[in-house]
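Student: structure of the sequence below:
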Amino acid sequence: MTEPVRLTRYARGGGCACKIPPGELETMVAGLGPATGTAELLVGLDHGDDAAVVRLDERTGVVTTADFFTPVVDDPYDWGRIAAANALSDVYAMGGTPLVGLNLLCWPRDVLPVELAREVLRGGQDVCREAGCHLAGGHSVDDDGPKYGLAVTGLVRPEELITLDAGRAGVPLSLTKPLGVGVLNTRHKSTGEVFPEAVEAMSTLNRDAARAAVAAGIRCGTDVTGFGLLGHASKLARASGLTVAIEVGRVPLLTGAREAVRDGFVSGGSRRNLDWVAPWTEFGAATEADRLLLADAQTSGGLLVAGEVPGAAVIGELLPPGEHRVVLR
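Tutor: Numbering: from 1, shown residues only. Sure thing, here's the model as predicted:
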């Protein structure tokens, strides 16, 4: 019997943990401005929001983004679903609706069979179908390692935009998915153990949470991906000129996440996240395990929004600016 292919063995870093570290990325893009265009740019490079937005008219903005990464699980169909849900999340995080996606596929064609690539694409197609988003072609290259994701275009009403810089002091902070997929994926890569709850969380669209946020009048937020909860909370705090207070005991975790940290299944990306946020974070009584979980590099994580969303955990609040950007309680 042919041994099943373990896609994660072909990934130096899994999922959003393979991102360039946030500090290095900020240095890389420092001083770069957008190319001059004719349409009004509503959201660009200023604060590192999830997608770019240009205004078509008073009632319509175009949201555009691209996201792709290395295998986060061994099952090719599940990886396709997760990567597509993650790319679509950037549009949802801005309060928008995705309209059309394009496949972005890198494939080592002399190493991995084309049948596996087809399963990856099928997973992406099924998630786009669930989202009501067209998937119309894309681009593929022969590469040393497998990578997959989407370029996505969507629409948003300018008055319903959700951005990092719209926070207000005194507003609660909500998280719509539990943390822990990073450490569970690291365990999966190392041991082959499968964590269905993590796969379900990563492949679940942020569509309903985004709709609920827009309906509730929420205008500040982001999604939690490769920089971890602490990294994304810090970016929100800096953009809004506020402090984010997080109640550690209220942050929801996936089953097995604490055990994965205890057993040492923490990615290098998560440790780099923690190092990056440390200078402007007051950790209080948070344990080392707490800190690593809050910095855990998420793949297709939930929305972190300033406001209350039905079914989401309220994990803290926004405070007036203080000595630290993020305070753990």
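
Student: check the chain and tell me which residue is nearest its centre.
Tutor: What sits nearest the mean C-alpha location of the chain, by Cα atoms, centre = their mean, is T225, with 2.7 Å.

Student: make sure it is indeed in a strand.
Tutor: No - per DSSP: H, G, I helix; E, B strand; the rest coil, T225 lies outside any strand segment and is coil.

Student: residues contacting it?
Tutor: T225 is in contact with 16, 19, 86, 89, 232, 297-301, counting by Cβ atoms under 8 Å, 6 or more residues apart in numbering. No exception for glycine: its C-beta is placed from N, CA and C like everyone else's.

Student: repeat the analysis, applying 7 Å as the threshold.
Tutor: By Cβ atoms under 7 Å, 6 or more residues apart in numbering, T225 lies in contact with 16, 86, 298-299, 301.

Student: now, which of the residues you listed sits nearest A198?
Tutor: T299 (9.1 Å; Cβ to Cβ).

Student: the closest one - that's part of a strand, no?
Tutor: No - using three-state DSSP, the assignment for T299 is coil, not a strand.

Student: so how far is H134 from it?
Tutor: Computed as Cβ to Cβ, to the nearest Å, the T299 to H134 distance reads 24 Å.

Student: between the two, which one's more packed in?
Tutor: Taking neighbours as other Cβ atoms under 10 Å, T299 and H134 compare with T299 leading, 27 against 14.

Student: so that one is in contact with V72, correct?
Tutor: Yes - contact status for T299 versus V72: in contact at 5.1 Å, counting by Cβ atoms under 7 Å.

Student: nearest spatial neighbour of T255, skipping sequence neighbours?
Tutor: E197 (5.6 Å; Cβ to Cβ, 6 or more residues apart in numbering).

Student: so that neighbour sits right up against L254, yeah?
Tutor: Yes - taking Cβ under 7 Å as the definition, E197 is a contact partner of L254 at 5.5 Å.

Student: and the two? which has more neighbours close in?
Tutor: L254 (22 against 15).

Student: nearest residue to that one in space, please, no chain neighbours.
Tutor: G180 (3.7 Å).

Student: tell me which element the residue nearest to T255 is part of?
Tutor: Assigned by DSSP states H and E, E197 belongs to helix 196-203.

Student: over to L56?
Tutor: strand 52-57.

Student: then the helix or strand that comes right after that strand to PDB, C-alphas only?
Tutor: For strand 52-57, the following helix or strand on the C-terminal side (DSSP H and E) is strand 60-69. Output of strand 60-69 as PDB, limited to C-alpha atoms (Å, rounded to 0.1, in the frame of the first residue of the first chain):
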ATOM      1  CA  THR A  60     -19.300  51.400  -3.000                       C
ATOM      2  CA  GLY A  61     -15.700  50.500  -2.200                       C
ATOM      3  CA  VAL A  62     -13.700  47.700  -3.800                       C
ATOM      4  CA  VAL A  63     -11.700  45.500  -1.300                       C
ATOM      5  CA  THR A  64      -8.700  43.600  -2.700                       C
ATOM      6  CA  THR A  65      -6.300  41.200  -1.000                       C
ATOM      7  CA  ALA A  66      -4.000  38.200  -1.600                       C
ATOM      8  CA  ASP A  67      -3.000  35.500   0.900                       C
ATOM      9  CA  PHE A  68      -1.300  32.200   0.400                       C
ATOM     10  CA  PHE A  69       0.900  29.900   2.500                       C
END
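
Student: how far does strand 60-69 sit from its chain's centre?
Tutor: 13 Å (Cα atoms, centre = their mean, to the nearest Å).

Student: in stretch 216-228, what's buried?
Tutor: 218-228 (16 or more other Cβ atoms under 10 Å).

Student: how distant is stretch 196-209 from the center of its chain?
Tutor: The chain centroid and the centroid of stretch 196-209 are separated by 12 Å, computed with Cα atoms, centre = their mean.

Student: show me which positions of it end up buried.
Tutor: 198-199, 201-207, 209.

Student: three-state assignment of A237?
Tutor: helix.

Student: hang on, the earlier thing: the residue nearest to L254: what's it in contact with?
Tutor: By Cβ under 7 Å, 6+ apart, the residues touching G180 are 253-254, 257, 293, 296.

Student: out of those, which is most surrounded?
Tutor: Most neighbours among the contacts of G180, by other Cβ under 10 Å: D296, with 34 neighbours.

Student: how close does that one sit to G154?
Tutor: 28 Å.

Student: with V73 instead?
Tutor: For V73, the distance to G154 - Cβ to Cβ - is 26 Å.

Student: roughly how far does N185 sit from D275?
Tutor: Going from N185 to D275 by Cβ to Cβ gives 20 Å.

Student: ok, those two, which is more surrounded?
Tutor: Set side by side, N185 and D275 show more neighbours around N185, with 31 against 12, by other Cβ under 10 Å.

Student: output stretch 77-90 in CSV with nothing but the alpha carbons.
Tutor: What follows is stretch 77-90, C-alpha atoms only, in CSV (Å, rounded to 0.1, in the frame of the first residue of the first chain):
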residue,chain,number,x,y,z
TYR,A,77,-8.5,19.0,0.5
ASP,A,78,-8.6,20.4,4.0
TRP,A,79,-5.5,22.5,3.3
GLY,A,80,-7.3,24.0,0.3
ARG,A,81,-10.4,24.8,2.4
ILE,A,82,-8.3,26.4,5.1
ALA,A,83,-6.3,28.5,2.7
ALA,A,84,-9.4,29.7,0.9
ALA,A,85,-11.2,30.6,4.1
ASN,A,86,-8.1,32.4,5.3
ALA,A,87,-7.9,34.5,2.2
LEU,A,88,-11.6,35.4,2.2
SER,A,89,-11.3,36.4,5.8
ASP,A,90,-9.3,39.5,4.8
